[in-house]
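Visitor: Sequence plus the predicted model coming up.
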Amino acid sequence: MPELPEVETTLRGIEPWITGQIIDLITVRQGSLRWPVTEGMAEIVQGQAVLAVRRRAKYLIIQLGHGSMLIHLGMSGSLRLTDRALEWRKHDHIEMQLSNGSTLRYHDPRRFGCWLWSANDHSQLARLGPEPLSDAFDSEHLFTLSRKRKMAVKPYIMDNNIVVGVGNIYASEALFRSGIRPDRAAGRISHQRYRVLSGHIKEVLAAAIEQGGTTLRDFVNGNGEPGYFQQTLDVYGRGGQACYKCQGALKEIKLGQRSSVFCPSCQR
DNA sequence: ACACTAACCTGCAAGC
DNA sequence: TGCTTGCAGGTTAGTG
C-alpha cells in the first residue's frame, strides 16, 4: 500500500486528466471494500463535473459540485488511467469514465481501500493530524503531544491523529536516519531529537515523492509505471542484513503488529 | 485519554 | 507436488 508518496504520485498522474471533466459513467463491479461503496453513488455523481482532485493524508478526494468522493488505496490498491476498451483484470473493482475519454480504474486485491460518496464532510477526515510536509508539522508538535506517552516512538509517528501519511516504510527509514530506536518511548525523547526526526520525516517523504514512490509488489502510478524509491531504502525489508553505516546486523522486532527493522548500534 | 489487540482480504513465499 | 503457516504498504473497532 501505498504510503503518502505513492498516493501523491498517483494524484499527480491522474489529476490533469480528470479535473474539469464531466463524469459520464461509474461502474462498480465489486462494492465490498473496507466499507461498502456508497449505495447509489454511481447514479448520484453521473453528469456532475469534477471541480478538483486533491490529497489529504493518504486519501484522494474528488471534489464535485454537490459533495465529494473519498478514495483510499488501502494496502494493495492502485488507480490508473486505462484504455476504455481494456479488458477487466481480476481485482479491478471500479471504473470511472470521463467526458474527455479518460477512464480511471480502481484495482485492489485485498480490498482494504474505500471509495465513498458524501454530500457533506467525510468522517474519515475528522481528527487527522497535520500534513507532514506542511509547516504545521514540526518538532514542537511532536514534542508537545508526546509528553507522558509511553507508546514507542514508531507507532507514535505512525498515528494519524499525531501526523498523517507516515507509514511503516518511511517511519522505519526516518528513524534510522535520525539514529533513534523505534521502540524508545515517545514521551522520553528530547525536543532536540524530535527536531532531527521531524526533519528526516519531511526529507524522506519528499525524496520518495521525487522518485515516484516506492514500488513493492504491484504499486504503479496513474500511468501504470513503478516508483524507484525502493533503491534508496536503508532498513525497511532488510532485517538480518548489514547496516549501511556500521556493517552490523540489522535487527527486526514487532511494534504494534508491524515489523520494524533498525540498527541496534546506530539507533539509540 | 491511553495502550493494545483483532479484524477486514488476497497473494505469495517459506517450510514441512 | 501439495498443504499449512505467516507475512505484507492501512485503518478502525473493541477491549481493559
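Guide: It's in. Numbers count the residues shown, from 1 in each chain, chains lettered A, B, ... in the order given.

Visitor: From here on, just use CA atoms for contacts and neighbour counts.
Guide: OK.

Visitor: Now do the same for A:R84: its pLDDT.
Guide: Reading off the confidence values, A:R84 has pLDDT 84.

Visitor: list the contacts for A:S190?
Guide: A:F143 (CA atoms under 8 Å, 6 or more residues apart in numbering).

Visitor: 10 Å instead, please
Guide: When contacts are counted by CA atoms under 10 Å, 6 or more residues apart in numbering, A:S190 is found next to A:139, A:143, A:146-147.

Visitor: Show me where the stretch 51-200 of chain A has its strands.
Guide: Under the criterion DSSP state E, counting those that start in this stretch, the stretch 51-200 of chain A contains strands at A:59-64, A:67-72, A:78-82, A:92-98, A:103-107, A:114-118.

Visitor: and the fifth one, what other elements does it pack with?
Guide: Spelled out, it's strand A:103-107. helix A:4-18, strand A:23-28, strand A:78-82, strand A:92-98 (3 or more CA pairs under 10 Å, 6 or more residues apart in numbering; DSSP states H and E).

Visitor: just the residues of the stretch 1-150 of chain A that are near DNA strand B, which are they?
Guide: A:33-34, A:90, A:109-112, A:148-150 (CA under 7 Å from any atom of the strand).

Visitor: Touching, A:G65 and A:N120? I think so.
Guide: No. Between A:G65 and A:N120 there is no contact under CA atoms under 10 Å: 11.0 Å.

Visitor: out of these two, which sits in the more crowded spot?
Guide: Neighbours were counted for A:G65 and for A:N120 using other CA atoms under 10 Å; A:G65 has more, 12 against 9.

Visitor: Please identify which pair of the residues of the stretch 1-150 of chain A next to DNA strand B lies farthest apart.
Guide: A:K90 and A:K148 (47.8 Å; CA to CA).

Visitor: Look up the closest residue to A:W115, ignoring the ones flanking it.
Guide: In space, and not counting its chain neighbours, A:W115 is closest to A:I71: 4.5 Å by CA to CA, 6 or more residues apart in numbering.

Visitor: Tell me, how many residues neighbour that neighbour?
Guide: 20.

Visitor: hang on, the earlier thing: so can I have CSV of the strands of the stretch 51-200 of chain A showing distance to DNA strand C?
Guide: As requested, these are exported to CSV (distance: least, CA to the nearest atom of the strand, whole Å):
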stretch, distance to DNA strand C
strand A:59-64, 7
strand A:67-72, 7
strand A:78-82, 9
strand A:92-98, 16
strand A:103-107, 12
strand A:114-118, 10
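
Visitor: Please produce JSON lines containing these, extended by distance to A:E210.
Guide: Putting the strands of the stretch 51-200 of chain A into JSON lines (distance: least, CA to CA, whole Å) gives the following:
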{"stretch": "strand A:59-64", "distance to A:E210": "19"}
{"stretch": "strand A:67-72", "distance to A:E210": "21"}
{"stretch": "strand A:78-82", "distance to A:E210": "19"}
{"stretch": "strand A:92-98", "distance to A:E210": "27"}
{"stretch": "strand A:103-107", "distance to A:E210": "23"}
{"stretch": "strand A:114-118", "distance to A:E210": "26"}
